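K.L.:
A predicted structure for the sequence below; I have some questions about it.
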There are 2 protein chains.
Amino acid sequence: VTYELFYWPTIQGRGEFVRLALEEAGAPYVDVARGPGGMKRMMAELDGAMYAPFAPPFLRAEALTIGQTANILLYLGKHHDLAPQDEQGGLWTHQLQLTIADLVAEAHDTHHPVAVSLHYEDQKPEAGRRAAEFTANRIPKFFRYFEHILAGREWLVRERPTYADLSLFQVVEGLCYAFPNATAGLYGDYPNLAALRDRVAARPRIVAYLASKRRLPFNEEGIFRHYPDLDQD
Amino acid sequence: VTYELFYWPTIQGRGEFVRLALEEAGAPYVDVARGPGGMKRMMAELDGAMYAPFAPPFLRAEALTIGQTANILLYLGKHHDLAPQDEQGGLWTHQLQLTIADLVAEAHDTHHPVAVSLHYEDQKPEAGRRAAEFTANRIPKFFRYFEHILAGREWLVRERPTYADLSLFQVVEGLCYAFPNATAGLYGDYPNLAALRDRVAARPRIVAYLASKRRLPFNEEGIFRHYPDLDQD
């Protein structure tokens, strides 16, 4: 089966968590909206009938259409050994993923604290306050949590990576891009988390992916945006 | 098995989505933090070792500890027939739940657009802007989505309720409490959604629950807060 991934074509965004899982699994997929006529197809799907997703990303897997990032990963985890098959292991992996999703949403709202429909430039004062709180308190709180879970472990859940490890890599990468000052202490203060980041980045298929054109660069239209005004001094 | 639910004892909050599922299932449970010594036990769990949740709510099911609201519901859905057992039905139910979770998070951030660590009174201007956007654009966008899915159907997923129906009831209730003006058109503009709300409220176990002391009232410490300044005129 060749999967069809539907996501905005110019950003990593939430689609990137799905891309990383597909790449690590070596699963064939088409990034639909990046191909000819793809945006039109994606927008038609969003207007669709049954099982229409609220927003991208969504994944077509033969007859199945699956929306919501964490839900797509739940599916891929089961079908590509990116999560344990036992109930406790599967739930724990998903719990970690949903916690990562909360961090991603908070990271997004640093530059969009008022409205997704407005530009960043139209909500800069609010963004400044929210980002100050996020970098001072929320990043450390989440990083401490994952650092603690990784104590004495190579991977979050088991002896080899799960989709949650790939997602944690991505959120750390994104936060380092967006907030280089606030995350400057990553390797010193959160050695387990930093090692996890490096371990994912060294996976052969991830190495190949990150060096390919399939990996879009971070930019200021995605979730993780580098606005120096929002970083710590 | 008697479940143990761990959640803040004075608010409905995210714990309410779990309570509604347990009540509809007729599953025996203890709301731990509302009993003697319960808060102390909950805080000790949050400091715990393996499988420690990032935040309440979490559920103890014999040897399992499950965190993240949607993840708890995934578990309860499977064990109490609150979701279809087939893969497509299970994923679709969870996808709807995660979309409801996004709406809940947005509702929360109307009164806390800057920081969860600050009081509402310390972020009122930002809250005003965010709430205006939320009531004008976001509530209608989400309501239209669910209204469309419910067209010609009694329940979101199948011929009887799932945990997603219970959660949709709760978010509609919460939004009607918090934003009575902005949601005044519910029955006229979103008849399918209003009917779903009424249908859940008429389930015998939900009727009994809502009339009991186990159902905490809405208040201004929870997710859905009635601040007239944040509602439409």
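P.N.:
Received, thanks.

K.L.:
going by C-alpha atoms from here, please, whenever you check contacts or count neighbours.
P.N.:
OK.

K.L.:
near chain B, which residues of chain A are found?
P.N.:
Chain A comes close to chain B at residues A:49-51, A:54, A:64, A:66-68, A:71, A:75, A:88, A:91-92, A:94-95, A:98-99, A:113-115, A:126-127, A:129-130, A:133-134, A:145, A:149, as judged by Cα under 8 Å from any Cα of the partner chain.

K.L.:
any weak-confidence spans in chain A?
P.N.:
Residues of chain A that meet the criterion pLDDT under 70 lie in A:49.

K.L.:
wait, residue A:215 touches residue A:207, no?
P.N.:
No - using Cα atoms under 8 Å, residue A:215 is not in contact with residue A:207; the gap is 10.6 Å.

K.L.:
of the residues of chain A next to chain B, buried ones?
P.N.:
By neighbour count, with 16 or more other Cα atoms under 10 Å in any protein chain shown, the residues of chain A next to chain B hold A:51, A:54, A:66-68, A:71, A:75, A:88, A:91-92, A:94-95, A:98-99, A:113-115, A:126-127, A:129-130, A:133-134, A:145, A:149 as buried.

K.L.:
from the residues you listed, which land in helices?
P.N.:
A:71, A:75, A:88, A:91-92, A:94-95, A:98-99, A:126-127, A:129-130, A:133, A:145, A:149 (DSSP state H).

K.L.:
among these, which pair sits farthest apart?
P.N.:
A:88 and A:126 (40.6 Å; Cα to Cα).

K.L.:
counting neighbours, what do you get for the spatially closest residue to residue A:201 that is not a sequence neighbour?
P.N.:
Distances taken as Cα to Cα, 6 or more residues apart in numbering or on different chains place residue A:207 nearest to residue A:201, at 6.1 Å, with adjacent residues excluded. Residue A:207 has 14 neighbouring residues, counting by other Cα atoms under 10 Å in any protein chain shown.

K.L.:
end-to-end on stretch A:156-164?
P.N.:
7 Å (Cα to Cα, to the nearest Å).

K.L.:
just the buried residues of that stretch, please?
P.N.:
Buried, per 16+ other Cα under 10 Å, within stretch A:156-164: A:156, A:157, A:161, A:162, A:163, A:164.

K.L.:
and those residues as JSON lines, adding secondary structure?
P.N.:
As requested, these are exported to JSON lines (DSSP: H, G, I helix; E, B strand; the rest coil):
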{"residue": "A:156", "secondary structure": "coil"}
{"residue": "A:157", "secondary structure": "coil"}
{"residue": "A:161", "secondary structure": "coil"}
{"residue": "A:162", "secondary structure": "coil"}
{"residue": "A:163", "secondary structure": "helix"}
{"residue": "A:164", "secondary structure": "helix"}
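
K.L.:
among those residues, which one sits closest to residue A:19?
P.N.:
residue A:163 (10.6 Å).

K.L.:
tell me the one among the ones in helices among the buried ones among the residues of chain A next to chain B nearest to chain B.
P.N.:
Using Cα to the nearest Cα, residue A:130 comes nearest to chain B of these, at 4.4 Å.

K.L.:
distance check, the closest residue to the closest one other than its chain neighbours against residue A:111.
P.N.:
Spatial nearest neighbour of residue A:130, chain neighbours left out: residue B:114 (4.4 Å); criterion: Cα to Cα, 6+ apart. Separation of residue B:114 from residue A:111 (Cα to Cα): 11 Å.

K.L.:
joint contacts of the two?
P.N.:
Taking Cα atoms under 8 Å, 6 or more residues apart in numbering or on different chains as the criterion, residue B:114 and residue A:111 both touch residue A:127.

K.L.:
I figured residue A:144 hits residue A:191, correct?
P.N.:
No - in this structure, residue A:144 is not within contact of residue A:191 by Cα under 8 Å, at 10.5 Å.

K.L.:
which residues in chain A form strands?
P.N.:
Under the criterion DSSP state E, chain A contains strands at A:3-6, A:29-31, A:58-61, A:64-67.

K.L.:
got JSON lines for the ones you listed, with distance to residue A:79 too?
P.N.:
Shown next, in JSON lines, are those (distance: least, Cα to Cα, whole Å):
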{"stretch": "strand A:3-6", "distance to residue A:79": "12"}
{"stretch": "strand A:29-31", "distance to residue A:79": "14"}
{"stretch": "strand A:58-61", "distance to residue A:79": "11"}
{"stretch": "strand A:64-67", "distance to residue A:79": "13"}
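
K.L.:
so for residue B:8, which of those strands sits nearest?
P.N.:
strand A:64-67 (30.5 Å).

K.L.:
can you tell me the closest non-neighbouring residue to residue A:111?
P.N.:
That would be residue A:127: by Cα to Cα, 6+ apart, it lies 5.2 Å from residue A:111.

K.L.:
show me the contacts for that neighbour.
P.N.:
A:109, A:110, A:111, A:112, A:113, A:120, A:230, B:114.

K.L.:
measure the third one to residue A:230 for me?
P.N.:
To tie it back to what came earlier, the one meant is residue A:111. Distance of residue A:111 to residue A:230, computed by Cα to Cα: 8 Å.

K.L.:
between those two, which contacts overlap?
P.N.:
Joint contacts of residue A:111 and residue A:230 (Cα under 8 Å, 6+ apart) are A:127, A:131.

K.L.:
higher neighbour count, these two?
P.N.:
residue A:111 (28 against 23).
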